[in-house]
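Peer 1: coords please:
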Amino acid sequence: MFSFCTDPSQIEGLKWLSCYLTTGKHLNLYWSLLTVLTLLAITAPAALAFGFAGASAARSRIAPLRWIGKTYIAIVRGVPDIAFFLFFVIALDQGVEYLRHKVLCSDWDQPIRQGNDFIVCQAAKMPLGTSPQWVHEAYGFSLAVLTFAIVFGAFAANVLFGAMRAVPHAQLETAEAYGMTPSQIFRRVLVPQMWVYALPGLGNLWMVLIKATPLLFLLGVEDIVYWARELGGSKTTRFTDYPHPDWRMWYFLGLLVFYLIFTRISEIVIARLMQRLTHGQATTGGEAQRKLA
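Peer 2: You can find the predicted model right below:
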């Protein structure tokens, strides 16, 4: 990036470090930070949508819908995240390729399952082998987002289900006495009131989601943990022009500081949001605000 970086062997000190930290591989590290933030920005609302749908289904008066909601919450919450990530991504990828194979390769006369191998025609590959690199990366990232959303959506569903049950039943009975329909009670009374009870649990879930982002490496996405390990290692082949000892401790220390700062900012935002939601509410937070006033 700098003009004096043409010959790394002839520079030292801060100049060497500035050249080292601005190489193309380090730009990938910085870009992976944006990847993590993008994952969180997309996954959080998606998981909340899955959670709201699961919680609404779990408290539904329709028995099959209620069974689906409670089964979704129980199964996903009962399976370790790593096991679910590894299983779901493979199953979803093979499911997509299987459907494409049936549509695009109807003349295929060989079994798809050949021992432990899953073999489909080239036209059914997802993405295609001739696709550019960004398509492969976008496909892997979309699988990661969907997997994170389903897993953390189950936890969000459990939090929202408890928050719905925490809303005072007298409020629902009063709304019913005023002639509101069940759907109106749900939209105008239950949902607005439940957030004050759900926010503490959702805040904790957000913190867990932040700490779970290194699992992107298991899904084939080159995240910040992957690049920290690769760039900090002394035996890596990525830096033939910038040899250095084992610096993984310093790279991981940088990640530690990044996550601590990020979680601290999240705590401040969640606290202010909680203060706003509890304003005027008959809750502990609302009572504390009234006493201060």
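
Peer 1: give me the mean pLDDT for the strand or helix carrying residue 42.
Peer 2: Assigning secondary structure by DSSP states H and E places residue 42 in helix 24-58. Averaged across helix 24-58, the pLDDT comes to 87.

Peer 1: got the buried residues for it?
Peer 2: Buried residues in helix 24-58, defined by neighbour count with 16 or more other Cβ atoms under 10 Å: 26, 28-29, 32, 35-36, 39-40, 42-44, 46-48, 50-58. For every residue, glycine as well, the C-beta is placed using N, CA and C.

Peer 1: over to stretch 168-187?
Peer 2: Within stretch 168-187, the residues scored as buried using 16+ other Cβ under 10 Å are 172, 175, 180, 185, 186.

Peer 1: need these in JSON lines (columns: distance to residue 222).
Peer 2: Formatted as JSON lines, the buried residues of stretch 168-187 follow (distance: Cβ to Cβ, whole Å):
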{"residue": "172", "distance to residue 222": "49"}
{"residue": "175", "distance to residue 222": "51"}
{"residue": "180", "distance to residue 222": "52"}
{"residue": "185", "distance to residue 222": "48"}
{"residue": "186", "distance to residue 222": "43"}
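
Peer 1: take those residues and keep only those in strands.
Peer 2: Among these, none falls in strands (DSSP state E).

Peer 1: between those, which is closest to residue 90?
Peer 2: Residue 90 has its nearest neighbour among the buried residues of stretch 168-187 in residue 186, at 37.7 Å by Cβ to Cβ.

Peer 1: if we ignore the residues flanking it in sequence, what's nearest the closest one?
Peer 2: Of all residues not flanking residue 186 in the chain, residue 56 sits nearest, at 8.0 Å (Cβ to Cβ, 6 or more residues apart in numbering).

Peer 1: now residue 137
Peer 2: Residue 137 sits nearest to residue 221 (Cβ to Cβ, 6+ apart), 7.7 Å away.

Peer 1: from residue 255, how far off is the one you found?
Peer 2: To residue 255, residue 221 is 16 Å away according to Cβ to Cβ, to the nearest Å.

Peer 1: nearest to residue 141, of the buried residues of stretch 168-187?
Peer 2: For these, the residue nearest residue 141 by Cβ to Cβ is residue 186; the value is 34.6 Å.

Peer 1: about what we covered before: neighbours around the residue nearest to residue 137, how many?
Peer 2: 20 (other Cβ atoms under 10 Å).

Peer 1: surely it touches residue 38?
Peer 2: No. If you go by Cβ atoms under 8 Å, residue 221 and residue 38 don't touch, sitting 10.8 Å apart.

Peer 1: who's in contact with residue 79?
Peer 2: Applying Cβ atoms under 8 Å, 6 or more residues apart in numbering to residue 79 gives no contacts.

Peer 1: so where's the stretch 101-250 of the chain shaky on pLDDT?
Peer 2: Along the stretch 101-250 of the chain, segments meeting pLDDT under 70 span 129, 234-241.

Peer 1: in it, which spans are strands?
Peer 2: 113-114, 117-118 (DSSP state E, counting those that start in this stretch).

Peer 1: sorry, back to before: next helix or strand past the helix holding residue 42?
Peer 2: On the C-terminal side of helix 24-58, the closest following helix or strand by DSSP H and E is helix 63-78.

Peer 1: list the buried residues for that next one?
Peer 2: Within helix 63-78, judged by 16+ other Cβ under 10 Å, the buried ones are 68, 69, 70, 72, 73, 76.

Peer 1: lovely, talk soon.
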